[in-house]
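>>> I need the structure of the sequence given here:
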Amino acid sequence: MANDTGVFGSGGGRAACIASMVDTGCVESHRYYMARRTLIEMLRDRGYLVDNMEAELCRSLADFRAAYGDKPEPESLRLIACRATDPSRKILAIFCEPIEIRKRNMLGLLSQIMNKEMLDRVILILQSKMNSHAQKVLVEYPVKVETFPITELLINITKHFLAPRHEILSPEEKDKLLNKHSVEGKQLPKMLENDAIARYYGLEKGHVVKVTYSGGVTGTIVTYRCVV
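Prediction:
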């Protein structure tokens, strides 16, 4: 039998260490914290600059709760970021309320967006279903709108140790690649536009991605994929 200083003892040790790792706060705030951090990383990887980005990425869960409360208001979590290469171009990310999104809700939400002519696109983080009428509103909206269920942002898929490195080619780099190999984009291996990686980087049809696989027995392998 273990004594008081053993593994299961009341004097501390491993049991106390494990207990200190358990989050006793609200699940809702934890979910928002994780999704917002992934969102900021995603914007950074797309070439946007978020105000106080490094501080935001280093923010602890406790600090997040201190700033936004245990049950944050989705409105307070909005983000707007500027393109690093052109600060006049911006992207807006909105956390939607945890209700089913209908046409009326979507029209009301989009009507609040000002200076649409300065936006590259809008990202909506959904916490519930969105019906077909609301989706039609997005299709007809003058700015491209992306939607992400909040569950897709709880982890950053590009950080998985098995995930290869993805680099999006510029139009000039794409032309150079195709000319070098005397091929057309449609002849390259394909990546679907709704692929998780394509969605993370906001890729559209025609984009070409350099994919680098590293490690293992085969060493480094480079391939290219065209988004379709």
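>>> what residues sit buried inside the lengthiest helix in the chain?
Using DSSP state H, we find that the single longest helix of the chain is helix 27-45. Within helix 27-45, the residues that count as buried by 16 or more other CB atoms under 10 Å are 29-44. For the C-beta atoms, the positions are set from N, CA and C on the backbone; glycine is no exception.
>>> show me what that helix is packed up against.
helix 53-58, helix 61-68, strand 79-83, strand 90-95, strand 119-126, helix 196-201 (3 or more CB pairs under 8 Å, 6 or more residues apart in numbering; DSSP states H and E).
>>> just these: most buried one?
Most buried of these, by mean neighbour count (mean count of other CB atoms under 10 Å): strand 90-95, with a mean of 22.
>>> I'd like the next helix or strand past the longest helix of the chain.
strand 48-49 (DSSP states H and E).
>>> now do that following strand, average pLDDT.
Average pLDDT, strand 48-49: 96.
>>> equivalent analysis for stretch 110-128, please.
When pLDDT is averaged along stretch 110-128, the result is 91.
>>> now do the end-to-end distance for it.
Length of stretch 110-128, first residue to last, CA to CA, to the nearest Å: 17 Å.
>>> so how far is that stretch off the chain centroid?
Mean C-alpha position of stretch 110-128 versus that of the full chain (CA atoms, centre = their mean, to the nearest Å) differs by 15 Å.
>>> before we move on, what about stretch 140-148?
Counting by CA atoms, centre = their mean, stretch 140-148 is centred 16 Å from the centre of its parent chain.
>>> quick check: of the buried residues of helix 27-45, which lies closest to Val228?
Met42 (21.8 Å; CB to CB).
>>> pretty sure the closest one is touching Asn156, no?
Yes - with contact defined as CB atoms under 8 Å, Met42 and Asn156 form a contacting pair (7.5 Å).
>>> which among the helices and strands packed on helix 27-45 is found nearest to Glu184?
helix 196-201 (19.5 Å).
>>> next structured bit after that closest one?
Helix 196-201 is succeeded, C-terminally, by strand 208-213 (DSSP H and E).
>>> tell me the mean pLDDT for the longest helix of the chain?
For helix 27-45, mean pLDDT is 97.
>>> what's that helix in contact with?
Outside helix 27-45, the residues that touch it by CB atoms under 8 Å, 6 or more residues apart in numbering are 23, 50, 53, 56-57, 59, 61, 64-65, 68-72, 77, 79, 81, 91, 93, 95, 123, 125, 150, 153-156, 158, 200-201.
>>> any weak-confidence spans in the protein?
Low-confidence segments of the chain (pLDDT under 70): 1-22.
>>> how does it divide into domains?
27-155, 158-227 (automatic domain parsing).
>>> distance between the ends of the shortest one?
Across domain 158-227, the straight-line distance between its terminal residues is 17 Å, by CA to CA.
>>> so how far is it off the chain centroid?
For domain 158-227, the distance to the chain centre is 19 Å (CA atoms, centre = their mean).
>>> next: the first one.
If you compare the mean C-alpha spot of domain 27-155 with that of the full chain, they lie 9 Å apart, counting by CA atoms, centre = their mean.
>>> end to end, how far does it reach?
Start-to-end span of domain 27-155 (CA to CA) is 15 Å.
>>> and Leu61, how far is that from Lys176?
From Leu61 over to Lys176 the distance is 45 Å, taken as CB to CB, to the nearest Å.
>>> hang on, the earlier thing: so which of the helices and strands packed on helix 27-45 gets nearest Lys186?
So among these, helix 196-201 is nearest, using CB to CB, at 16.2 Å.
>>> the closest one packs against which elements?
If you count contacts as 3+ CB pairs under 8 Å, 6+ apart, helix 196-201 packs onto helix 27-45, strand 165-168, strand 208-213.
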